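J.: turn this into a structure:
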Amino acid sequence: MTATMDKNGNLVLGSSRQFCGFGNEVEEPIVQCILEHAAQFIPDLNDLRLKLNDNREIRVGLRPYVHDGKPMIGPIANLPKVFLATGHEGSGLSLALGTAEMVSDMILETPSKLDCTLLSRRQLVHSNIRVLTSQNHMFCTMVLVPRAVRALNNGFSTTVVDDL
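T.: Take a look at the predicted model:
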């Protein structure tokens with residue numbers, strides 16, 4: 001369960017993971033699970049649940065995923081000056097600095113200080129550029145506008161919005 005504020009001051013609740021290929025439909029039990037978990041930390045959400053269900057919008061995004069769980073980082077076959085860094089799934093931000101260092105080392109052709117055995121062993125891209133042999137995980141977050149946060153204390157109506 002995560003609860004953060006976005007750049008517009010909206011409360012963002014999330015998130016989930018499900019194997020979906022390239023679909024972006026969210027199953028209702030997943031949305032309800034997010035609300036239930038959030039209500040454990042913000043009990044007043046229970047009083048707003050019906051309003052949230054009637055007025056919500058949901059953010060959805062894809063997380064490239066490789067079956068062996070290891071990111072694919074390196075040059076693309078037949079395009080040696082083009083590098084790919086994908087398959088980080090939900091760890092893209094936390095692995096970003098290490099990924100950037102690995103790609104820099106590859107471009108500069110210097111030995112890497114990082115353990116590259118953690119990368120996927122499969123060939124990154126075949127000659128016909130089949131980049132996306134990986135699956136995708138979808139994540140779902142719910143966004144509550146600041147009114148929702150104030151409503152927890154004041155009893156005003158609440159709207160769930162998507163500001164993407």
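J.: this structure: strands as residue ranges?
T.: For the chain, the strands defined by DSSP state E cover 2-5, 11-14, 18-19, 58-65, 72-76, 79-86, 135-144.
J.: which helix runs longest in the chain?
T.: Using DSSP state H, we find that the single longest helix of the chain is helix 92-108.
J.: helices or strands up against it?
T.: strand 72-76, strand 79-86 (3 or more CB pairs under 8 Å, 6 or more residues apart in numbering; DSSP states H and E). No exception for glycine: its C-beta is placed from N, CA and C like everyone else's.
J.: mind putting the strands of the chain into CSV with distance to Cys116, mean pLDDT and mean neighbour count?
T.: Listed next are the strands of the chain as CSV, based on distance: least, CB to CB, whole Å; pLDDT from 0 to 100; neighbours: other CB atoms under 10 Å:
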stretch, distance to Cys116, mean pLDDT, mean neighbour count
strand 2-5, 30, 79, 12
strand 11-14, 31, 79, 20
strand 18-19, 27, 74, 12
strand 58-65, 19, 77, 17
strand 72-76, 8, 81, 20
strand 79-86, 12, 80, 14
strand 135-144, 22, 45, 21
